[in-house]
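Colleague: here you go, sequence then predicted model.
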Amino acid sequence: MKKKILEIFMWVICIVALAVMSTVVVREYQKSQNSLEIIQQQIETIATQIEEVNKANDNLEKRITELEKKQEEDKNRESIEKTTVEDQEQNESVDGQITQSGQSGITDLEVGSIVDASKISWSSLDSYFQAYEIVEGDAVYNRIIGKSYRENNDIGLADLRYLKVLHYNFNGNVQVGEVIVNAQLAEDFLSAFKSLYEEHYEIQSMYLIDNYWTGDGATSDNASIEVNNTSAFCYRTATGSSKLSNHAYGCAIDINSQQNPYVTYDGNGSCYHENAQQYLDRTSGLDHVITHEDICYQVFTNLGFSWGGDWSNGIKDFQHFEKPLY
């Protein structure tokens with residue numbers, strides 16, 4: 001009996017122990033479950049934070065892209081605005097020059113510069129064909145003294161005028177030209193150049209012979225001819241003579257000398273300048289060749305000038321127009 005009771009007691013103890021152990025296990029399991037839930041929540045929280053970080057990163061990259069695009073647009077806009085401003089300033093500069101020349105004519109335009117023909121006022125065209133006195137010490141005087149002009153008993157500064165005119169060059173552009181002529185013929189020359197301009201007559205270049213000065217009048221004249229320059233006054237003797245040329249008095253002008261050379265006729269004719277050989281044939285029909293039908297011939301002869309192409313002494317100076325006063 002005692003043995004039976006002891007056995008029952010042992011079973012009770014085992015059952016109680018098992019119950020206790022089960023309770024502990026359950027509690028630990030519940031704790032682990034809670035821990036797992038906490039860990040899962042933390043993982044979910046971290047995942048949410050990572051997703052938010054990724055979204056923020058995407059937004060940041062998008063913002064950076066937008067900023068870079070805006071900066072590029074701003075840069076392009078600034079470049080365009082800068083270019084526009086520069087163009088406007090350049091246009092304003094040109095317009096200002098033309099406007100100023102429209103008020104004071106050709107005075108402030110640089111010799112050799114190209115002028116926009118569309119901005120020249122035809123109602124004040126005379127202001128682009130001007131004559132100026134030459135005064136000792138002024139810019140023109142300083143250019144010519146000791147070169148095309150020197151102190152002499154034949155012609156003085158008061159007898160000369162510095163002309164600035166417009167002409168079309170061989171490219172069809174309007175260009176500012178200059179010549180020095182006799183004061184008594186200044187109006188005739190201005191009238192001639194204005195008529196040539198109105199007819200779009202082309203003159204390659206028109207600078208003072210002093211731009212090509214080589215030391216004396218004869219060789220400087222040759223140097224000017226070699227570059228096809230149109231010039232008038234130069235205090236020198238006539239070609240092949242000891243007498244003063246009409247150029248020395250400002251009473252003659254040589255126009256487009258390459259196409260209209262000085263020719264000595266001893267048979268077929270000969271010309272000193274190699275660049276003019278193809279123009280010995282005056283019936284060639286080449287551009288800028290002066291003939292009796294040419295506008296240049298008609299304009300100058302209508303003003304009383306004679307043409308070197310009409311000389312009958314075995315020499316033809318096709319570039320040359322003169323109106324002697326002395």
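Modeller: Yep, it's here.
Colleague: SS state for Thr45?
Modeller: helix (DSSP: H, G, I helix; E, B strand; the rest coil).
Colleague: show me the contacts for Asn260.
Modeller: Going by C-beta atoms under 8 Å, 6 or more residues apart in numbering, Asn260 touches 254, 279, 288-290, 309, 318-319. Where you see a C-beta, it was placed from the backbone N, CA and C, and this is true even at glycine.
Colleague: again, only using 6 Å
Modeller: Applying C-beta atoms under 6 Å, 6 or more residues apart in numbering to Asn260 gives the contacts 290, 318-319.
Colleague: repeat that for Ile144.
Modeller: Taking C-beta under 6 Å, 6+ apart, we find Ile144 in contact with Asp210.
Colleague: about what we covered before: export the contacts of Asn260 to a markdown table and append columns for distance to Thr239 and neighbour count.
Modeller: Converted to a markdown table, the contacts of Asn260 look like this (distance: C-beta to C-beta, whole Å; neighbours: other C-beta atoms under 10 Å):
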| residue | distance to Thr239 | neighbour count |
| --- | --- | --- |
| Ile290 | 18 | 23 |
| Phe318 | 13 | 28 |
| Gln319 | 11 | 26 |
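Colleague: list just the nearest of the residues you listed to Cys234.
Modeller: Sorting these by distance to Cys234 puts Gln319 at the head of the list, at 13.7 Å, by C-beta to C-beta.
Colleague: state the pLDDT value of the closest one.
Modeller: Predicted confidence (pLDDT) for Gln319: 97.
Colleague: the helices in this protein, which residues?
Modeller: 2-104, 139-144, 186-198, 217-226, 295-302 (DSSP state H).
Colleague: before we move on, back to that, in TSV: the contacts of Asn260, plus distance to Tyr207.
Modeller: Output for the contacts of Asn260, formatted as TSV (distance: C-beta to C-beta, whole Å):
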residue	distance to Tyr207
Ile290	20
Phe318	20
Gln319	15
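Colleague: please name the nearest non-neighbouring residue to Phe170.
Modeller: Gln204 (4.9 Å; C-beta to C-beta, 6 or more residues apart in numbering).
Colleague: look up how far Asp154 lies from that neighbour.
Modeller: From Gln204 across to Asp154, the span is 30 Å (C-beta to C-beta, to the nearest Å).
Colleague: over to Ser124?
Modeller: 37 Å.
Colleague: for Ser306, give its distance to Tyr162.
Modeller: As judged by C-beta to C-beta, Ser306 and Tyr162 stand 24 Å apart.
Colleague: same thing with Asp281?
Modeller: 37 Å.
Colleague: these two: which is more packed in?
Modeller: Tyr162 (24 against 12; other C-beta atoms under 10 Å).
Colleague: what is the end-to-end distance of stretch 117-137?
Modeller: Separation of the first and last residues of stretch 117-137 by C-alpha to C-alpha, to the nearest Å is 33 Å.
Colleague: do the same with stretch 277-291
Modeller: 17 Å.
Colleague: how about residues contacting it?
Modeller: Contacts for stretch 277-291 (C-beta under 6 Å, 6+ apart): 256, 259-261, 269, 296-297, 318.
Colleague: using TSV, please lay out these together with distance to Ile209.
Modeller: Output for the contacts of stretch 277-291, formatted as TSV (distance: C-beta to C-beta, whole Å):
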residue	distance to Ile209
Asn256	15
Gln259	18
Asn260	17
Pro261	17
Gly269	25
Cys296	19
Tyr297	23
Phe318	19
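Colleague: pull the most distant pair out of the residues you listed.
Modeller: Gly269 and Cys296 (20.9 Å).
Colleague: the two: which is more packed in?
Modeller: Neighbour count, other C-beta under 10 Å: between Gly269 and Cys296, Cys296 has more, with 24 against 15.
Colleague: now the closest residue to that one other than its chain neighbours: how far from Asp310?
Modeller: Nearest residue to Cys296 in three dimensions, chain neighbours excluded: Ile290, at 5.3 Å (C-beta to C-beta, 6+ apart). Distance from Ile290 to Asp310, counting by C-beta to C-beta: 11 Å.
Colleague: what does Tyr197 give?
Modeller: For Tyr197, the distance to Asp310 - C-beta to C-beta - is 25 Å.
Colleague: what residue ranges in the stretch 201-326 of the chain are flagged as low confidence?
Modeller: Scanning the stretch 201-326 of the chain for pLDDT under 70 picks out 266-268.
Colleague: tell me where it has strands.
Modeller: 252-254, 262-264, 270-271, 306-307, 315-317, 320-322 (DSSP state E, counting those that start in this stretch).
Colleague: deepest in the core, which of those strands is it.
Modeller: Across these, averaging neighbours per residue (mean count of other C-beta atoms under 10 Å) puts strand 252-254 on top, at a mean of 26.
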